[in-house]
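Colleague: Make a model of this:
(one chain, ligands or ions: 1)
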Amino acid sequence: MNFIAFAIVMMIVVFLTWRFASRRQSLPCPVWLRWMVELDNPFTKTNRAEVIVGLLDLQPGMMVLDVGCGPGRLAVPLGKAVAPTGEVVAMDIQPGMLARARAKAQAAGVDNIRFMEAGAGEGKAGYGQFDRVLMVTVLGEIPDREGALAEVYNALKPGGLLSVTEVIFDPHFQRRSTLTAMAEHSGLRSKAFYGHALAYTQHFEKPAVSCVSDNPEGPQE
Ligand SMILES: C[S@@+](CC[C@H](N)C(=O)[O-])C[C@H]1O[C@@H](n2cnc3c(N)ncnc32)[C@H](O)[C@@H]1O
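Modeller: Now for the predicted structure:
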């Protein structure tokens, strides 16, 4: 019993230390902790892959960008949902995460995912290409959040949706008010909210009338 109490206290200490450290400097979730990302959290339904994907009204043929795809927890079901003619671009800065996502897609027989090693905000997502963009427990890890949201705005088609999921168990948790202010500043409009203050998914829409010009080159590898 004493050991269990000690383990719980240690976990809380590690969590709080990580949370504090990540406020001073954006630290990506380490690759060796990817197993934890892959677990569907038993304490919150909001962050389950099937719930997030189920809210997106996906159709075959759609183009989807999964920003900070990690080990592919969402990219694989997204690929299935838009097959056979649609495509998912799975973006992450860590090659180790992309390698795991690629292996998972292969094992599941999903071949419509393109893997892109890039950081959100670097401008590699292209212009007016995507029907849906997902940012699931990733925004707080990105050093230039406003730059990343501006890139998402450009990458979405007019009328396209950005889906952001945040859960309090993530050391990089972003409050709804902070997220809404940043997203609306980038030109997106709040569209729907699911969950509650501590575990939520919020959808934002790119207004149908947009002044973004299409880039014929599309997203870059
Ligand atoms: C907590 S994991 C979430 C993974 C996945 N979205 C999920 O929910 O299963 C966050 C991921 O974001 C990635 N990441 C961190 N900063 C990033 C950035 N600037 N651009 C793209 N990905 C980033 C990390 O490498 C990590 O794989």
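
Colleague: which secondary structure element contains the spatially most central residue of the chain?
Modeller: With distances taken as CA atoms, centre = their mean, the chain has Met135 as the residue nearest its mean C-alpha position (2.2 Å). Assigned by DSSP states H and E, Met135 belongs to strand 130-136.

Colleague: interface residues of this protein facing the ligand?
Modeller: 28-29, 37, 67-70, 73-74, 91-94, 97, 119-120, 136-138, 141-142 (CB under 6 Å from any ligand atom). The C-beta positions use only the backbone N, C-alpha and C, and glycine is treated the same way.

Colleague: continuing past the least confident helix or strand in the chain by mean pLDDT, what's the next helix or strand?
Modeller: Lowest by mean pLDDT, DSSP states H and E among the helices and strands of the chain is helix 2-24, with a mean of 65. Where DSSP H and E defines the elements, the next helix or strand beyond helix 2-24 is helix 34-38.

Colleague: max-length strand in the chain?
Modeller: Identified as the longest strand of the chain according to DSSP state E is strand 156-167.

Colleague: So which of the residues of the chain next to the ligand are in helices?
Modeller: Among the residues of the chain next to the ligand, the ones falling in helices (DSSP state H) are Val37, Met97.

Colleague: what about the strands in this protein?
Modeller: For the chain, the strands defined by DSSP E cover 63-67, 87-92, 113-117, 130-136, 156-167, 189-196, 199-205.

Colleague: follow-up on the earlier one: list the helices and strands the strand holding Met135 packs on?
Modeller: strand 63-67, helix 145-155, strand 156-167 (3 or more CB pairs under 8 Å, 6 or more residues apart in numbering; DSSP states H and E).

Colleague: which one of these has the most crowded surroundings?
Modeller: strand 63-67 (a mean of 27; mean count of other CB atoms under 10 Å).

Colleague: quick check: angle from that strand to strand 87-92?
Modeller: 10 degrees (axes from the mean of the first three to the mean of the last three CA atoms, to 10 degrees).

Colleague: Which neighbouring elements make contact with strand 63-67?
Modeller: helix 75-82, strand 87-92, strand 130-136, helix 145-155.

Colleague: Now do the shortest one against helix 145-155, angle only.
Modeller: Read that as strand 87-92. 170 degrees.

Colleague: Pull out the CA atoms of strand 87-92 and give them to me as CSV.
Modeller: Coordinates of each C-alpha in strand 87-92 appear next as CSV, following Å, rounded to 0.1, in the frame of the first residue of the first chain:
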residue,chain,number,x,y,z
GLU,A,87,-5.9,11.0,-48.5
VAL,A,88,-4.5,11.7,-45.1
VAL,A,89,-1.3,13.7,-44.6
ALA,A,90,0.2,12.7,-41.3
MET,A,91,2.6,15.4,-40.1
ASP,A,92,5.0,15.2,-37.2
